[in-house]
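J.: task: produce atomic coordinates for the following.
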Amino acid sequence: MITDYTLVSDIKKQIAEKFGINLHFHDTCGSGMYFSLDVRNDEITTFIQQYFATKHLNVIVSENGLNFTVQSN
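T.: Numbering: from 1, shown residues only. Below is the predicted model of the structure:
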């Protein structure tokens, strides 16, 4: 689970600037933290995975490609 809100802010900013898309961040009691997109975009998915890999974090992508959970390796 990601708990560094600086990373959250940075990835949201980078996605907005690079793709013109709003990456949503959800922090729900009991369900954890995750990101979501309104529309599946495999290029953004790859970008997110590469971004967090440089931080030594693993991205779990939902089957529909809309939700992303970030975990320690």
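
J.: check contacts around residue 68.
T.: 34, 35, 36, 45, 48, 59, 60, 61, 62 (C-beta atoms under 8 Å, 6 or more residues apart in numbering). Any C-beta I mention is one placed from the backbone N, CA and C, and that applies to glycine too.

J.: what subset of those is buried?
T.: 34, 35, 45, 48, 59, 61 (16 or more other C-beta atoms under 10 Å).

J.: just the element for the nearest residue to residue 23 once chain neighbours are set aside, please.
T.: Of all residues beyond its chain neighbours, the one nearest residue 23 is residue 15 (4.3 Å), with distances taken as C-beta to C-beta, 6 or more residues apart in numbering. Per DSSP states H and E: residue 15 is located in helix 5-19.

J.: which element follows that helix toward the C-terminus?
T.: strand 24-28.

J.: what is the orientation angle of the helix or strand that comes right after that next one with strand 24-28?
T.: Elements were assigned by DSSP H and E; along the chain past strand 24-28, the next helix or strand is strand 32-36. Using axes from the mean of the first three to the mean of the last three C-alpha atoms, to 10 degrees, the inter-axis angle of strand 32-36 relative to strand 24-28 is 160 degrees.

J.: identify the residues contacting whichever helix or strand comes after strand 32-36?
T.: As assigned by DSSP H and E, the chain's next helix or strand after strand 32-36 is helix 42-53. Helix 42-53 has contacts (C-beta under 8 Å, 6+ apart) with 7, 11, 14-15, 18-19, 21, 23, 35, 37, 58-59, 61, 65, 68, 70.

J.: out of those, which are buried?
T.: By 16+ other C-beta under 10 Å, these give 11, 15, 23, 35, 37, 59, 61, 68, 70 as buried.

J.: what about the residue nearest to the first one when sequence neighbours are not counted, neighbour count?
T.: If I follow you right, that is residue 11. Nearest residue to residue 11 in three dimensions, chain neighbours excluded: residue 51, at 5.7 Å (C-beta to C-beta, 6+ apart). Counted with other C-beta atoms under 10 Å, residues neighbouring residue 51 total 17.
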